[in-house]
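1. Just to be clear, the model below is a prediction. Sequence and coordinates:
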Amino acid sequence: VKGTTMALVYAALKFFFHSYLKLKIMDDIKRPKKGKKLPVVMTKEEVKAIINAAPKKRDKLILKLLYSSGLRVSEVVNLKTRDLDLSEKTAIVRGGKGNKDRLIILSESWVDEIKKYFSRRQYQSEYVFSKRNGMPLSVDTIQRIVRNSRKRAGIKKNITPHSFRHSFATHLLEAGENIRKIQELLGHSNLSTT
């Protein structure tokens, strides 16, 4: 049984005993540790191949943003056009993990491409990426975009939207960027998470 499953069972039992039976017996039982797996990191070539394999311009822009900014998938789906400052090549991520706002840097090429995308988009939406009805895309939609693009690129690694975030951080570190700066860009409050 996986550590995550054991931790969930433990939490459920603790809640049941404490809340319903008013027994503190779970306090004597040690909480199981979740196993830590190393994150999946792509090479720069794999990142390019996956982006190039995306069939639609919108999908390519999503993948490029995931990689070039290190955003979480939930932050991408909630990103609003009013939070973009294209002239400064920055954006504000509002209410990220831990309900914290942070400033991110947008790549120059992404800014150029998103301007063209907005000028051609035939519907209005407050979201950077949305459905035709103006509502935001779901996390599932972006996960599917990543999965389908990975398959089209012929890459066997288990790539998820979060793999772009891991790759963003790893490639910055390999390029000699300061770990504290990477921590700030990722929005981590704890350096050990980075």
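-> Yep, it's here.

2. Strands along this protein, start to end?
-> Along the chain, the stretches classed as strands by DSSP state E are 84-85, 90-93, 102-105.

3. where in the protein is pLDDT low?
-> For the chain, residues meeting the criterion pLDDT under 70 lie at 1, 34-36, 38, 96-98, 182, 185, 187-194.

4. what's the single longest helix in it?
-> helix 3-19 (DSSP state H).

5. just to revisit the earlier point, any idea which of the strands of the chain is most buried?
-> strand 90-93 (a mean of 19; mean count of other C-beta atoms under 10 Å). Every residue, glycine included, has its C-beta placed from N, CA and C.

6. Buried ones in stretch 57-74, by neighbour count?
-> Buried residues in stretch 57-74, counted by 16 or more other C-beta atoms under 10 Å: 58-73.

7. now the residue most central in space within the chain: how far from residue 133?
-> The residue lying closest to the centre of the chain (C-alpha atoms, centre = their mean) is residue 72, at 2.0 Å. Residue 72 sits 24 Å away from residue 133, going by C-beta to C-beta, to the nearest Å.

8. again, but for residue 148
-> Residue 148 is 22 Å from residue 133, where distance means C-beta to C-beta.

9. In this structure, mark out all the helices, start to finish.
-> So, for the chain - with DSSP H - the helices run 3-19, 44-53, 57-69, 73-78, 108-120, 139-153, 161-174, 179-186.

10. Does the residue nearest to the centre of the chain touch residue 165 like I think?
-> Yes. Residue 72 is within contact range of residue 165, at 6.5 Å (criterion: C-beta atoms under 8 Å).

11. about what we covered before: so for residue 148 and residue 133, which residue has more residues nearby?
-> Ranked by neighbour count (other C-beta atoms under 10 Å), residue 148 and residue 133 place residue 148 first, with 15 against 7.

12. Can you tell me how far that one is from residue 65?
-> 17 Å.

13. can you check residue 30 too?
-> Residue 30 is 42 Å from residue 65, by C-beta to C-beta.

14. and what of residue 186?
-> Taking C-beta to C-beta, one finds residue 186 at 14 Å from residue 65.

15. Then residue 53?
-> Separation of residue 53 from residue 65 (C-beta to C-beta) stands at 16 Å.

16. got the phi/psi numbers for residue 158?
-> phi -80, psi 80 (degrees, to the nearest 10).

17. residues touching it, list them.
-> The contact partners of residue 158, by C-beta atoms under 8 Å, 6 or more residues apart in numbering, come to residue 40.

18. May I have stretch 45-55 as CSV, with CA atoms only?
-> Extracted in CSV, the C-alpha atoms of stretch 45-55 (Å, rounded to 0.1, in the frame of the first residue of the first chain):
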residue,chain,number,x,y,z
GLU,A,45,14.9,19.2,-26.3
GLU,A,46,11.9,17.3,-24.9
VAL,A,47,10.2,20.6,-23.8
LYS,A,48,10.6,22.0,-27.4
ALA,A,49,9.3,18.7,-28.9
ILE,A,50,6.2,18.7,-26.7
ILE,A,51,5.5,22.4,-27.4
ASN,A,52,6.0,21.8,-31.2
ALA,A,53,3.7,18.8,-31.1
ALA,A,54,0.8,20.8,-29.7
PRO,A,55,-1.7,21.2,-32.6
